[in-house]
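Enquirer: only geometry, no sequence info:
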């Protein structure tokens, strides 16, 4: 009867499953393998592990997007199935029960191992992100130069690059100067943004532009200021030196402040050398030469802080206006200094040195000259013998050489004795004083060779700078 009842139970829907569960419960109770409390604890542990694994898998999917969907599947496979654990397998054989218990234990261990691996991977990714952020913060910029920390294993890679300022620290890392991180198109370029002064008719540009090798400022009288075409000194200097040349020379000006002009800075009106230097240094308002429109426009367009060479040429007008050669007492009062030729040279050198200490200064002695009678045009004599009552033109040239020789980064070119003389005057002079085209060509080539050497290049004597490659001669 009991057997018939059991058969009927087995034939019902779900009967076999219920029977298996009943058999398993009885056997477990008999062998005292798991009591109810132990079963609850095991089920709790398994559920906790399953939730943790699924959570870690979800976290990895969130971080990695669609990188690898197989990780989700793997996590789901590892997670234990509650119903499968609760349902016993057919049979009551002890070996089968031991195998089932081993399988459950292996599943638990596998789930725990997967959880640990996922946590370690997530922690490693977080640490990698943190390290990357710290390295980004350690980048140091100096001007447009970026410095980065390089490990010893990567050091060889950076040694192959053109780098400087390699500094080894106690940490064992090396600091290398690398290329600029800023796009060059976003950077300001002063050379490309040169402002050209408006060019009147007959005046040519004296700016080379962004490819210029140097910047030159010219201060002087009509020898430079009156000739602004392609045969003028300013243009030729641009050509020979591949330079940006700013021509501030004006006809009729002198190295000294004329006797009837004030010397107080707030009342300044003199276009002399001290006046132009004061204006360049920002000590006086440049309105006093505003009527000379081209020169005034050139002045406003020039960034004097970028000047490599100041070229200064005065003397012949000082001779004509009978400027004192040098104060007998060597008075250091600026009001006295600017009124005598030697004192005005000294005054101007000191100001340029104060405001532009890195710039070179070249003083050009006045050139040889011949003088003629204004009415009859009869020859009177030359600069060697004709005196203005104070001295000869040659004496003014000597003052320039004596003053300049006392200063560093300052030199003089003796154009008086080394360019034109009584024999070559007809070839090089227009009216006995002003140079003609040939005279200006010779003058500028000699001046250019001095400038080229001052800037660290090499060029042979008596060479036309436009016919040789002096640019490649600069010492590294």
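Expert: Right, received. Where do you want to start? Given the structure is predicted, the values throughout are model-derived calculations rather than measurements.

Enquirer: now for this structure, the helix or strand with the poorest mean pLDDT.
Expert: The least trusted helix or strand in the chain, going by mean pLDDT, DSSP states H and E, turns out to be strand 167-168, with a mean of 34.

Enquirer: so what's the residue count around the nearest residue to residue 318 once chain neighbours are set aside?
Expert: Nearest residue to residue 318, sequence neighbours excluded (C-beta to C-beta, 6 or more residues apart in numbering): residue 254, at 4.7 Å. (Glycine included, C-beta is placed from N, CA and C.) Other residues within reach of residue 254, judged by other C-beta atoms under 10 Å, total 23.

Enquirer: so who does residue 254 touch?
Expert: Shown in contact with residue 254 (C-beta atoms under 8 Å, 6 or more residues apart in numbering): 221, 272-273, 314, 317-318, 321, 323.

Enquirer: select only the buried ones of those in PyMOL?
Expert: Here is the PyMOL command that selects the buried residues among those (16 or more other C-beta atoms under 10 Å):
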select buried, resi 221+272+273+314+317+318+323
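
Enquirer: just the pLDDT for the residue nearest to residue 461 when sequence neighbours are not counted.
Expert: Excluding the flanking residues, the one nearest residue 461 by C-beta to C-beta, 6+ apart is residue 449, at 7.1 Å. With respect to pLDDT, residue 449 has a value of 97.

Enquirer: one more: residue 250?
Expert: On the pLDDT scale, residue 250 is placed at 96.

Enquirer: name the element it belongs to?
Expert: Assigned by DSSP states H and E, residue 250 belongs to neither a helix nor a strand.

Enquirer: do the same with the one 10 residues further on
Expert: Residue 260 belongs to no helix or strand when elements are defined using DSSP H and E.

Enquirer: residue 251 and residue 221, how far apart?
Expert: The spacing between residue 251 and residue 221, counted by C-beta to C-beta, to the nearest Å, is 6 Å.

Enquirer: what sits against the nearest residue to residue 290 once chain neighbours are set aside?
Expert: With C-beta to C-beta, 6+ apart as the criterion, residue 290 has its nearest non-adjacent residue at 5.1 Å, and that residue is residue 296. Going by C-beta under 8 Å, 6+ apart, residue 296 touches 286, 289-290.

Enquirer: any regions of the stretch 251-400 of the chain where pLDDT drops low?
Expert: Applying pLDDT under 70 to the stretch 251-400 of the chain flags no residue at all.

Enquirer: tell me which stretches of it form strands.
Expert: For the stretch 251-400 of the chain, the strands defined by DSSP state E, counting those that start in this stretch cover 309-313, 360-364, 370-372, 379-382.

Enquirer: out of those, deepest packed?
Expert: The highest mean neighbour count among these, using mean count of other C-beta atoms under 10 Å, belongs to strand 309-313: a mean of 24.

Enquirer: give me the angle between it and strand 360-364.
Expert: When axes from the mean of the first three to the mean of the last three C-alpha atoms, to 10 degrees is applied, the directions of strand 309-313 and strand 360-364 differ by 20 degrees.

Enquirer: what pLDDT is listed against residue 17?
Expert: 58.

Enquirer: got it, and residue 407?
Expert: Here the pLDDT value assigned to residue 407 is 85.

Enquirer: ok, and the closest non-adjacent residue to it?
Expert: Closest residue in space to residue 407, ignoring its immediate chain neighbours: residue 349 at 5.4 Å, by C-beta to C-beta, 6+ apart.

Enquirer: so that neighbour touches residue 404, yeah?
Expert: Yes. Between residue 349 and residue 404 there is a contact under C-beta atoms under 8 Å: 7.4 Å.
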